[in-house]
Every structure is written in structure tokens, then in C-alpha cells.
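Chemist: here is a sequence together with a model predicted from it:
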Amino acid sequence: MENHSHLNDLLKAIDFEEKEEQIRFQIEKNSSLSQLKKEGYALHPLHIQKRSFGFADYPEFSFKFPYPFESKSMRDGAAVECFLQGEEPIKGILLQFNGQYGEVRLFTSDFPDWMDEKGVGIKLTPDLKTLDLMRKSIKDIPSMPTLQTILNKIDGNEEVLVREVKSRLADEFPGLNASQQNAVQAIIENTDLLVLHGPPGTGKTTTLFEAVKALRNQGKKIIFSAPSNTAVDHFGHLLMQAQIPFLRVGNHIKTSASLLPYTIEGKLKETKVLKEIKQLKIKAEELRKIGHQYRRNFGKEERLQRQAIFQEIKSIRKEIKSIQQYEEAKIIDETQIFIGTPVGIYDTDLRTITCDHLIIDEAGQCLEPLAWSLFKHSEHITLAGDHFQLPPTVLSIDAAKLGLQVSILERVMKGNHQYYLLDTQYRMPETIVGFSNGYFYDHQIKSEKKRTDFHNTLHFYDTAGMDNEEKSDNEQNSSFYNPCELEGVEKIIQFNGLNPQETVMISPYQAQVEKAKEHFPALKRIASIDSFQGQEATNVILSLVRANTEGNIGFLKDYRRINVAMTRAQEKLFIIGDSATLGSDHFFNALISYFEEKGSYHSLFEIYY
């Protein structure tokens with residue numbers, strides 16, 4: 001790779017991640033079918049009920065399973081293979097499954113002949129599509145001059161143009177503060193690589209929305225992307241509410257139902273050719289039924305007739321595909337704003353589309369190779385996010401060591417690139433954001449909620465000296481839970497008179513989350529920190545769980561996770577943990593000291609007696 005060791009490391013990391021993906025699903029070639037069924041990774045045999053051609057003219061079928069089937073792995077959107085013993089399996093996606101009835105889309109041009117045989121089944125398979133896209137994107141860099149230029153800028157080998165921006169938008173955007181106005185102006189004028197740093201509660205999405213709206217008014221073509229479908233859909237809802245036309249690209253199974261009219265499928269329904277396509281599909285299905293009336297053992301005349309029927313079906317489907325491709329191309333050509341995940345944008349064949357501006361939101365969670373799959377669309381790139389929040393999820397430890405877990409935003413910021421900081425947060429009182437503001441943001445963040453009553457907004461409850469030892473839960477992959485902290489959470493709610501419907505409990509450990517759901521069914525929500533990133537609640541209780549004589553705090557050492565947790569609360573933040581275990585770590589020692597200085601530190605004993 002032209003001696004670029006970083007790119008080589010990323011390719012090695014992708015290989016490690018692929019191996020880990022295979023191991024995680026435990027679906028290996030030597031696994032028996034009975035073992036896969038027992039572990040919930042396979043459904044067999046299926047009773048095929050209905051067949052049709054759906055999105056992008058892919059074959060789809062509905063099925064019934066003989067009895068209700070419990071499986072946490074057979075989830076909507078899961079990657080599967082459709083198989084029959086002795087035949088080549090076909091990759092697909094599980095569109096939906098309710099325990100007995102389901103639908104599957106096959107990634108092939110037509111149904112295989114063996115679909116009519118008994119013994120057809122589906123089994124889960126690792127979804128390697130994203131990994132293949134990442135690998136291809138890295139390999140493309142040396143052969144594309146525009147990507148090489150971007151790489152040199154990220155590496156600091158070429159200067160990034162940074163303009164002094166003075167706000168000229170106060171009259172046009174009176175609802176934005178000065179830092180937001182400057183950021184909007186910078187994005188509009190951007191001809192290079194720009195970073196928008198948006199700490200929690202500073203209105204990053206609002207700022208991006210105003211920038212996209214302004215660019216659209218200038219007639220610019222824009223791609224808006226984010227690594228999660230949730231973030232993409234959230235932006236889509238903002239556009240929808242403002243009645244701004246856009247195209248939501250990607251797998252419609254993972255798209256919010258309210259945005260389906262904005263997908264290619266939804267827009268095709270508005271075209272005049274839909275009736276023509278429907279009639280052609282009906283004709284093809286009628287011919288298919290006639291063709292499948294023939295048995296495998298028939299004479300020469302029947303064989304020729306069957307071949308003619310299927311040749312006509314093939315011709316009809318080719319006509320359908322041609323019509324659809326023409327209409328889809330027209331929709332894409334007329335679209336000014338595209339929104340989708342990196343994989344969704346690639347799948348929609350936007351590979352040849354060049355846009356005036358590319359905006360990647362949640363760039364702090366975007367794997368670098370996925371960002372490279374987008375960079376080819378525009379030289380005017382805006383990366384928006386906060387590299388002091390959670391990084392991307394990587395399964396392989398070896399892949400993480402090689403740099404795969406370093407997001408594109410963190411990679412750019414490591415090069416000391418200039419950035420535009422949103423400097424005013426509106427979510428929480430300055431009492432709550434105070435520690436994060438000092439530790440992560442160098443005291444640059446101002447708070448709109450001017451409050452100094454630490455005793456009403458901020459509390460640390462220490463379990464030290466109590467019977468507070470953590471416990472391991474093997475069912476949650478050696479996750480941890482802490483019964484003492486669960487009891488403590490109940491006391492905190494009662495003692496502080498918290499409204500359960502305004503209170504959320506979060507924890508770094510899934511086992512604690514699952515135990516808490518059994519204890520506190522009335523709480524508004526109980527979630528892991530990772531799943532609650534980007535959200536907020538009136539009151540937040542953070543259970544840190546770890547309590548052991550060795551002072552082992554595990555992945556609590558990723559302090560960005562704690563930053564996310566502490567910046568979710570709008571009014572009150574409660575943290576419960578063991579100072580004896582946490583205090584040996586410099587970050588948690590500083591955190592506990594902060595609570596002590598503000599008069600917000602308590603022993604849990606205080607609310608017991």
C-alpha cells in the first residue's frame with residue numbers, strides 16, 4: 001500500500017475483525033444443523049407460503065415455522081443464508097420474524113429451483129458486507145488522487161485551509177448562538193476538511209440542520225451520513241418537519257416507518273409506472289405457477305415448454321428491472337439531499353454520485369474505513385461529533401490495537417486540526433457539567449442554566465464499608481452486577497423523592513441493567529451507557545458496579561464512557577459506586593474529589609439510617 005503503514009494496519013485490523021465476527025456467531029462450517037437449531041442459529045424445516053419480488057427486485061418469500069421458536073439471535077434485519085442440504089446456499093436478510101412466521105429477502109436474481117423442495121431452512125451468518133466495504137475503501141485510496149489528498153491532510157502533510165469566520169447570520173438565524181452561527185457559516189463556505197466539535201447539549205444537530213438548509217437554498221447537492229440508522233432517521237425527521245425534500249437511502253427494514261415515503265421504494269409508489277410494474281409481476285408469477293406444475297421427470301416436449309416459460313419469466317423480470325432502474329436513476333438525479341449510513345449510501349449505488357458537500361454526523365463513532373467509503377463523494381467534507389464520547393464498537397482486541405477503534409474524528413483531531421467548537425450547552429445545569437467541562441473540554445463550555453445549588457443537582461453515594469462486592473454473571477458474557485448498588489438505587493429514589501417516570505438508571509454493565517429491570521419496573525428507562533448515548537432524562541442515576549479488593553475497574557478506564565453517562569441528566573445526577581475500588585484510578589479519584597469539594601459526596605449509610 002505504497003509503504004503507508006497505517007493503511008496496512010487497518011487492513012490487518014479488518015481481517016482480525018472478520019475472524020472475530022465468525023467466532024462471535026459461532027457459525028462454522030463444521031457445526032451440525034441440529035447444533036445450530038439447538039443454539040437458535042437456524043430455522044429448519046420451513047414451510048414456504050408466498051413468493052414475490054420486492055425491493056430492488058430481489059426475491060422474497062414468507063414462511064411458517066412448525067412451532068413457536070424462541071431465539072434472541074433471529075432478529076429483524078439479521079444476515080441469513082437460505083439452504084437445502086446438497087445445494088449451494090444463498091445469502092439474504094431476515095426481514096421479520098415473530099417466533100413462528102417470517103419473511104426473507106434473498107440477495108440473488110431469482111429463486112433457486114430447489115425452493116419447492118422439502119427441507120429448506122435458514123441459518124444466521126456473519127454480516128460481512130460492512131467489512132468488505134471497509135476493506136475495499138482502504139484499498140481504493142492509493143489509486144484515487146482525491147483520496148490521497150485527503151489522506152495527506154489528515155496526516156498533516158498538506159495544509160488544511162482554515163478561514164477566520166465572523167458571523168453574518170444573526171439576522172437569518174436569530175435562534176442560533178454565536179458559535180453555532182460561525183459553524184453554519186464555516187460549513188457553507190467550506191472547500192476543504194472541516195471539523196465541528198459539538199460537546200453534549202450544544203445543539204450540534206440543530207447547527208447541521210441549519211447548514212444543510214442554507215446549502216440547499218444555494219442549490220447545492222448534499223450527502224448527510226452517520227454510522228447509526230437512528231441518527232440518520234433523526235435528521236430525516238427534521239427535514240420532513242421542515243418540508244424539505246430528501247432521499248433516505250439504505251435498507252428500508254432499518255428505516256423509521258414515518259420516513260418510508262422518502263425512500264426509493266416510497267418514491268416509486270408515486271410514479272405512473274408502478275401500475276405497469278405490478279401487472280408485469282402478476283404475469284410473471286402466473287407463468288411461474290404454470291412452470292412449477294411440471295415434475296422433474298418429464299418428457300422432452302414438457303422440458304422445452306418449461307424452458308420457454310422460464311425464459312419468458314426472465315424476459316419479464318429483465319423488463320421490470322430496466323423500468324425500475326430508469327425510475328430510480330431519475331429519482332437519484334433529481335435528489336438534492338441524500339441521507340443514509342455509509343453502507344446504505346454504498347448499497348444504493350451512489351458510488352458515482354459527486355456532491356457539493358459531504359457531512360458526517362456522529363463522526364466520533366464512525367470507523368475510519370467507513371468514512372473513506374464516503375470521502376470519494378466530495379472534497380468539501382464536514383466531520384461533526386465529539387471525540388470525548390464513546391468510540392466505535394470493535395469486537396476484536398487485536399483490531400482495536402491496530403487502530404480500528406479510533407474513529408475518523410479522533411484520528412483527525414490527533415493531527416491537531418483546527419475545529420469549530422459549539423461552546424454553549426443547554427441540556428443541564430453548570431453544576432452537572434462542571435467536572436466534564438474541566439476534565440474533557442478545558443473549561444470552554446458555557447451553560448445556559450446558571451445554577452450553583454450542587455446539593456440539589458449533584459450527588460455521589462459511596463458504598464465503601466458496606467457489603468458491596470461485585471458479582472459476575474456468566475450469562476451476560478462475564479458481565480458484572482452489584483446487589484448493594486441495586487438496593488442503593490432504590491434508597492436514592494425514595495430518599496430524594498424522585499418521580500420514577502422522570503428517572504433513568506444507566507450502568508456500564510449489561511448484567512446490572514438486566515437485574516435493575518427486574519427491580520425497578522416503574523422507572524422511565526433502564527439502559528446501558530452505550531445505548532443511552534445521544535439521549536437525556538430529567539434525573540439520571542449512574543451505577544458504576546465495580547467493587548473488589550484488587551481495585552480492578554475494567555472498561556471503566558475508558559473515561560469517555562463516564563463522560564457520556566454524566567452528561568445525560570437535565571436536572572439531577574446521582575452516581576453510586578465504591579470509592580475504595582475507584583479511588584486508586586486518577587480519573588475517579590479526581591471525580592470523587594470534585595463531589596467532595598462541592599459538598600455533594602455522601603456515604604450510602606446516610607440514607608439507610
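Modeler: Good, I have the coordinates. Computed from a predicted model, the values in this text were never measured in an experiment.

Chemist: buried residues in the one helix or strand in the chain whose mean pLDDT sits lowest?
Modeler: Ranking every helix and strand in the chain by mean pLDDT, DSSP states H and E puts helix 274-291 at the bottom, with a mean of 74. By neighbour count on 16 or more other Cβ atoms under 10 Å, the buried set for helix 274-291 is 277, 280-281, 284-285, 287-288, 291. Just so you know, the C-beta spots here come from the backbone N, C-alpha and C atoms, and that holds for glycine as well.

Chemist: contacts for it, please.
Modeler: Where contact means Cβ atoms under 8 Å, 6 or more residues apart in numbering, the residues beyond helix 274-291 that reach it are 51-53, 268, 306, 309-310, 312-313, 316-317, 319-320, 323-324.

Chemist: where in the stretch 501-609 of the chain is pLDDT low?
Modeler: Of all residues in the stretch 501-609 of the chain, none has pLDDT under 70.

Chemist: for stretch 490-498, give the mean pLDDT please.
Modeler: The average pLDDT within stretch 490-498 is 95.

Chemist: could you point out the longest helix in the chain?
Modeler: With DSSP state H setting the assignment, residue counts place helix 300-334 as the longest helix in the chain.

Chemist: flag every buried residue along that one.
Modeler: Those would be 306, 309-310, 313, 316-317, 320, 323-324, 327-328, 331-332, for helix 300-334 by 16+ other Cβ under 10 Å.

Chemist: hmm, which two among the contacts of helix 274-291 are most spread apart?
Modeler: Spatially, the most separated pair among the contacts of helix 274-291 is L268 and R306, at 31.9 Å (Cβ to Cβ).

Chemist: ok, residues contacting stretch 428-445?
Modeler: 199-202, 388, 421, 423-425, 427, 447, 449-454, 457-458, 559, 563, 566-567, 569-573, 587, 590-591, 594, 598.

Chemist: narrow these to just the buried residues.
Modeler: For these, buried by 16+ other Cβ under 10 Å: 199-202, 388, 421, 423-425, 427, 447, 449, 454, 457-458, 559, 563, 566-567, 569-573, 591, 594, 598.

Chemist: among those residues, name the ones in helices.
Modeler: Those of the buried ones among the contacts of stretch 428-445 lying in helices (DSSP H): 454, 457, 559, 563, 566, 591, 594.

Chemist: from those residues, which is closest to L7?
Modeler: Nearest member of these to L7, counting by Cβ to Cβ, is Y559, at 29.1 Å.

Chemist: mind checking how far that closest one is from E550?
Modeler: From Y559 across to E550, the span is 20 Å (Cβ to Cβ, to the nearest Å).

Chemist: ok, now F65?
Modeler: Relative to E550, and taking Cβ to Cβ, F65 is found at 47 Å.

Chemist: helix or strand for Q35, which one?
Modeler: Assigned by DSSP states H and E, Q35 belongs to helix 33-38.

Chemist: after that helix, which helix or strand is next?
Modeler: strand 42-43.

Chemist: any residues touching that next one, and which ones?
Modeler: Taking Cβ under 8 Å, 6+ apart as the rule, strand 42-43 contacts 33, 36-37, 63, 65, 69, 74, 97, 102, 121-124.

Chemist: which of these count as buried?
Modeler: Among those, those classed as buried by 16+ other Cβ under 10 Å are 36-37, 63, 65, 74, 97, 102, 121-124.

Chemist: distance to T146 for the buried residues of helix 274-291 - can I get that in a markdown table?
Modeler: Output for the buried residues of helix 274-291, formatted as a markdown table (distance: Cβ to Cβ, whole Å):
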| residue | distance to T146 |
| --- | --- |
| I277 | 38 |
| L280 | 41 |
| K281 | 41 |
| A284 | 43 |
| E285 | 46 |
| L287 | 48 |
| R288 | 46 |
| G291 | 49 |
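
Chemist: looks to me like L358 is in a helix.
Modeler: No. Counting by DSSP: H, G, I helix; E, B strand; the rest coil, L358 falls outside a helix, being strand.

Chemist: isn't I138 right next to D9, touching?
Modeler: No. Between I138 and D9 there is no contact, the gap being 9.9 Å when judged by Cβ atoms under 8 Å.

Chemist: higher neighbour count, those two?
Modeler: Taking other Cβ atoms under 10 Å, I138 and D9 do not tie; I138 has more neighbours (24 against 17).

Chemist: next structured bit after the helix or strand the more buried one falls within?
Modeler: Per DSSP H and E, I138 falls inside helix 129-140. Downstream of helix 129-140, the next assigned helix or strand under DSSP H and E is helix 145-154.

Chemist: buried residues, that following helix. List them.
Modeler: Buried, per 16+ other Cβ under 10 Å, within helix 145-154: 147-151, 153-154.

Chemist: likewise stretch 82-95?
Modeler: 82-84, 90-95.

Chemist: give me the contact list for it.
Modeler: Residues outside stretch 82-95 that contact it (Cβ under 8 Å, 6+ apart) are 33, 60, 74-81, 102-108, 112, 114, 117, 119-123, 125, 251, 253.

Chemist: among those, name the ones in strands.
Modeler: Cross-referencing the contacts of stretch 82-95 against strands under DSSP state E gives 60, 79-81, 102-106, 121-123.

Chemist: of the residues you listed, which is the nearest to S378?
Modeler: For the ones in strands among the contacts of stretch 82-95, the nearest to S378 is A79 (29.9 Å; Cβ to Cβ).

Chemist: isn't that closest one right up against I122?
Modeler: No. With contacts counted by Cβ under 8 Å, A79 stays clear of I122, the gap being 10.4 Å.

Chemist: ok, D530 touching P392?
Modeler: No. Between D530 and P392 there is no contact under Cβ under 8 Å: 11.0 Å.

Chemist: neighbour count: these two, which is higher?
Modeler: When D530 and P392 are compared for neighbours, P392 comes out ahead with 19 against 14, by other Cβ under 10 Å.

Chemist: that one: what's its closest spatial neighbour, skipping adjacent residues?
Modeler: Closest residue to P392 in three dimensions, ignoring its sequence neighbours and counting by Cβ to Cβ, 6 or more residues apart in numbering: L367, at 4.8 Å.

Chemist: with that, I have no additional questions.
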